[in-house]
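Colleague: A predicted structure for the sequence below; I have some questions about it.
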Amino acid sequence: MNIHEYQAKELFQKYHVPTPSGSVAATPAEARAAAEALAGKTIVVKAQIHAGGRGKGVFKNGFKGGVHLASSPEQAADFANSMLGQILVTHQTGEAGKLVSKVLIAEGVDIKKEYYLAILMDRETMAPVIIASTEGGVDIEHVAEHTPEKIIHLGVHPLAGLQPYQIRTLASQLGFKGDQAKQFGVLLANVYKLFLGADCSQVEINPLVETPDGRILALDAKFNFDDNALYRHPEIVAMRDTSEEDPREVAASEYNLNYIGLDGDIACLVNGAGLAMATMDIIQHFGGNPANFLDVGGGASKEQVIAAFKIILGDANVKGILVNIFGGIMDCNIIAEGIVAAAREVGLTLPLVVRLEGNNVAAGLATLNASGLQITSATTMAEGAQKIVAEVKAAA
Amino acid sequence: MSILVNENTRILVQGITGSFGARHAQLSLDYGTKLVAGVTPGKGGQVFEHNGHKVPIFDTVEEAARQTGATVSCIFVPPAFAGDAILEGVGAGLDLAVCITEGIPVMDMMRVRAAMEGSRTRLIGPNCPGLVTPGTGKDSHGGCRIGIAPGYIHKRGSIGVVSRSGTLTYEAVWQLTSRGLGQSTCVGIGGDPINGTNHLDVIKMFNEDPETEGIIMIGEIGGTNEEQAAEWVKAHCRKPMAGFIAGATAPPGRRMGHAGAIVSGGKGTAAAKQAAMEEAGIEIAATPSDMADALIRAMKR
């Protein structure tokens, strides 16, 4: 789940992480009020979409740029008026662009020096790790590759937590002294509280900046949250903006299906995440292109299969479907009946190959073959993948 | 022999009165597993009945273990309470806790793992299908089935299977059984980024187990677990091995169903894992249909 820049700023404000002042506006009047609240500071108006490249983007109404400096609250309101309700196209949005329904009115700050600071959950050590660098504002992967000595790694004990000496050491390693070292210490301690408190898997601040007047501020941030922990964070769930997501994935999430859209033409419907990944792999191995990842979970009931077919068929690129079910405990015949009923209900016309294996598989295959529908059955994954690739190629 | 559990292992089920826990407790009893106790706080004194089996239910794991001699727990407890359930098993001094629960927050598992430091209990999972040591009866009846795997697909034998994925494990086991190759023990270590037991832990046990003659290792994108296992295998493993890695076609940065199945920052790719396994002399299954045949090739080398 991604969040907007203004939402990241709100999270920082909630956890007392110093960040440039600012607030979100949904109307020109709100934008004007937000700009007035900045009381003489430099005003920046920023269109709120998840995609990058906003500054160089162009609105479909012809207005240029999703980020502007305003010289007065009136001008901030004018910029907001030009952006709100309009579609912004950037190099990351594709031609369709993204609707701007909110703008961030923020304090523009001058930068003396840029740093990098991130906290992430490290699988190897099973503990949080802090990553910091004096090389901020640039691609950190690039820094890590070319000047690894400039990346500082600091592990945190999962139960003892971040210790004051660790904060002092890191401040010193980054070259902070006196008041800046103190400010950095407060900022890092609060970012760590935020990391734990919001069940983040990653918080990345790039850049962290020192201003000419000596302030240490989190200028731009990227958050990743642990999906498994969202149940205890309704405030984070409320930040979800489904208009920014793949509509196929939004629809799938409503049916509790685990779906990820890809750009191929052979859809697959599988029980189990590992098997679903492996099904995509085997389609490609035999010369096809998978259109999606789709895990229907352990059961594959008729209702789930119908919902899954509808989502798959909503993708205009799809030219054929491979269903791959290992019916370990569930009766394969019940699964086959569900597939047949679902195919009838959605009026399926695309090639459908069903690979069934497991409990009572012979009866399941007989049900598929007796359905009168254009269903090709298979007993191994390799056979299923080869058949659907061949059928899609033959139909093209 | 087998690893971790055998047909005499006495197990208890935490969450035996929930619908999912109850269903799989029944299937384990049908399989002939020595399921001797259930634990559901507040329901102590009740009895779980199935096909003539009468399994006593206790309020706590400590009491269940003390009264019945159970040494292994199978956990079917909802995500919000699963961390506590694991630590209850640890606190009771069990040999093994197998956590089936999917969806436990990563922070919870971080704290659970840290709290387990120095304890005698091994954790398998979470978010795993559990483990099976097949029995010698019809359809492998009489074995030890802990978790949610279909029992009948197994066959008693000498191949060890370790996997991060449930259905891919069943796929491999079924391929083996269909070719007449039985299994010593099949272990699902689970799809979460922080878990109790990794590939290498299990491979070391198979390497020491006199009954195990060949090993199938099934991995997937995300983390560097498989690479670490491969490095050890190269220097120390005395048994033929085959491997498969799922997720070669997965887009980077996307979580593929399992919480741990994600390529991030260029790390955890299928290509890197396959290369490490090949380097270690592990026979790579080109497709998931090729897992058992790959092992047969490795055993003939």
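Modeller: Sure, I can see it. The structure displayed is predicted, hence computed values, not measured ones.
Colleague: Now find how far off-centre stretch A:15-28 is within its chain.
Modeller: 22 Å (C-alpha atoms, centre = their mean, to the nearest Å).
Colleague: Span of that stretch from start to end?
Modeller: In stretch A:15-28, first residue to last residue: 28 Å (C-alpha to C-alpha, to the nearest Å).
Colleague: do the same with stretch B:284-298
Modeller: Calculated as C-alpha to C-alpha, the first-to-last residue distance of stretch B:284-298 is 9 Å.
Colleague: near chain A at all, that stretch?
Modeller: Yes. Contact of stretch B:284-298 with chain A is found when judged by C-beta under 8 Å from any C-beta of the partner chain, involving B:286-290. Bear in mind the C-beta positions are built from the backbone N, C-alpha and C, glycine included.
Colleague: contacting residues around that stretch?
Modeller: Stretch B:284-298 is touched from outside by A:275, A:278-279, A:281-282, A:285, A:380-383, A:385, B:159, B:168, B:171-172, B:175-176, B:178-179, B:181, B:214-216, B:218, B:240-244, B:246, B:274, B:277-278, B:282-283, with contacts defined as C-beta atoms under 8 Å, 6 or more residues apart in numbering or on different chains.
Colleague: Filter those down to the ones in helices?
Modeller: Counting by DSSP state H, the contacts of stretch B:284-298 place A:275, A:278-279, A:281-282, A:285, A:381-383, A:385, B:168, B:171-172, B:175-176, B:178, B:274, B:277-278 in helices.
Colleague: just to revisit the earlier point, now the residues of stretch B:284-298 next to chain A as a markdown table including distance to B:Phe58?
Modeller: Shown next, in a markdown table, are those (distance: C-beta to C-beta, whole Å):
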| residue | distance to B:Phe58 |
| --- | --- |
| B:Ala286 | 49 |
| B:Thr287 | 47 |
| B:Pro288 | 41 |
| B:Ser289 | 45 |
| B:Asp290 | 46 |
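Colleague: Of those, just the buried ones, ChimeraX syntax please.
Modeller: Only the buried entries of those go into this ChimeraX selection, using 16 or more other C-beta atoms under 10 Å in any protein chain shown:
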select /B:287,288,289,290
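Colleague: Between the residues of stretch B:284-298 next to chain A, which sits nearest B:Ile148?
Modeller: Minimum distance to B:Ile148 across the residues of stretch B:284-298 next to chain A is 19.8 Å, recorded for B:Pro288 (C-beta to C-beta).
Colleague: for the residue lying closest to the closest one once chain neighbours are set aside, what are its contacts?
Modeller: With C-beta to C-beta, 6 or more residues apart in numbering or on different chains as the criterion, B:Pro288 has its nearest non-adjacent residue at 4.0 Å, and that residue is A:Ala278. Neighbour list for A:Ala278: A:381, B:165, B:168, B:171, B:244, B:246-247, B:287-288 [criterion: C-beta under 8 Å, 6+ apart].
Colleague: quick one: A:Ala278 from B:Asn195, how far?
Modeller: In this structure, A:Ala278 and B:Asn195 are separated by 20 Å, where distance is defined by C-beta to C-beta, to the nearest Å.
Colleague: swap in A:Ile329?
Modeller: Here the criterion is C-beta to C-beta. By it, A:Ile329 lies 23 Å from B:Asn195.
Colleague: quick one, what contacts residue 131?
Modeller: Defaulting to chain A. Under the criterion of C-beta under 8 Å, 6+ apart, the contact partners of A:Ile131 comprise A:116-120, A:140, A:151-154.
Colleague: Chain B was what I was after
Modeller: Remark: with contacts taken as C-beta under 8 Å, 6+ apart, B:Leu131 is in contact with B:4-5, B:98, B:124, B:144, B:146-147, B:149, B:185-188.
Colleague: before we move on, what about B:Met217?
Modeller: The contact partners of B:Met217, taken as C-beta under 8 Å, 6+ apart, are B:162-163, B:199, B:203, B:226, B:229, B:241-244, B:277, B:282.
Colleague: Which residue is the nearest non-sequential neighbour of it?
Modeller: Counting by C-beta to C-beta, 6+ apart, B:Met217 lies nearest to B:Gly243, which is 4.5 Å off, once chain neighbours are set aside.
Colleague: can you count the residues close to that neighbour?
Modeller: 29 (other C-beta atoms under 10 Å in any protein chain shown).
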